[in-house]
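>>> Got a predicted model here, sequence first, then my questions.
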Amino acid sequence: MKLQRLSDSLMVYDYLLFGVSLLLFLLFIVLGIFFRNQIKMAIFLILLAFATIVLGPTYGYIKMHEFLFANEVQLIEQKKLHFVAAVVLKAKLRNLSKRHFQRCKITASVYKITQNRYKNMILKLKPFKKMSIFEESIDANETREFKLIIEPFRYSGDYNISLKADCR
């Protein structure tokens, strides 16, 4: 079931990327075998082959989707409600690509902040509250405003909110 969902979310460019990574892997393996008499070169080519098969699809997928589905999320206003345990965010999403977005998952992450900047980097990796919404059908260069409510929200200390969008 999960493989079916994964294959449904992939597009032609993803398959091309995976195919090219596989071909480069095979090429470096064959070259490593060809240079088996030069041990340093052969080991380098074999290591390069395995780096290509692991890092190529992963890094390529991330960078390709950043390029193809470029977007910008800007926080306009945030308001902590006192009568109910919630925070209301007003923001806007802008499609920076030349492609039509069928669906965007917009996620707000709330994380604590402290006086220690190193601890802040760690706290940013593990937000204590996340909330997501979906926006449908966003045309190229369109800007869309939205509201997102984070609830229940009972934290009374210092916090920051980051917004990101994953569009397809």
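Good, I have the coordinates. These numbers come from a predicted model, not from an experiment.

>>> alpha carbons only for contacts and neighbour counts from here, please
Fine.

>>> quick one: secondary structure of residue 25?
helix (DSSP: H, G, I helix; E, B strand; the rest coil).

>>> got a list of what it touches?
By C-alpha atoms under 8 Å, 6 or more residues apart in numbering, the contact set of residue 25 is 48-50, 52-53.

>>> and if we set it to 7 Å?
Counting by C-alpha atoms under 7 Å, 6 or more residues apart in numbering, residue 25 touches 49-50, 52-53.

>>> try residue 106
132-134, 164-166.

>>> and the top helix by length along the chain, how far out from the chain's middle?
Looking across the chain with DSSP state H, the single longest helix is helix 39-68. Relative to its chain's centre, helix 39-68 lies at 19 Å (C-alpha atoms, centre = their mean, to the nearest Å).

>>> List the buried residues for that helix?
By neighbour count with 16 or more other C-alpha atoms under 10 Å, helix 39-68 contains the buried residues 41-43, 45-46, 48-50, 52-53, 56-57, 61.

>>> Over to stretch 78-86?
Here stretch 78-86 shows residue 86 as buried, counting by 16+ other C-alpha under 10 Å.

>>> what's the answer for stretch 160-168, then?
For stretch 160-168, the neighbour count (16+ other C-alpha under 10 Å) marks 161, 163-168 as buried.

>>> from the residues you listed, which is closest to residue 117?
Ranked by distance to residue 117 (C-alpha to C-alpha), the buried residues of stretch 160-168 are led by residue 161 at 16.1 Å.

>>> Pull up the per-residue confidence for that closest one.
Listed pLDDT for residue 161 reads 89.

>>> what inclination does the helix or strand encompassing residue 15 have with respect to helix 39-68?
In this structure, residue 15 sits in helix 12-34 according to DSSP states H and E. In terms of direction (axes from the mean of the first three to the mean of the last three C-alpha atoms, to 10 degrees), helix 12-34 departs from helix 39-68 by 170 degrees.

>>> I'd like the distance from helix 12-34 to the chain centre, please.
Distance, centroid of helix 12-34 to centroid of chain: 24 Å (C-alpha atoms, centre = their mean).

>>> same check, this time on stretch 153-160
With C-alpha atoms, centre = their mean, you get 25 Å for stretch 153-160.

>>> please begin residue numbering at 54 from this point
That works, and once the first residue is 54, the last one we named lands at stretch 206-213.

>>> Can you list the low-confidence ranges for the chain?
54-62 (pLDDT under 70).
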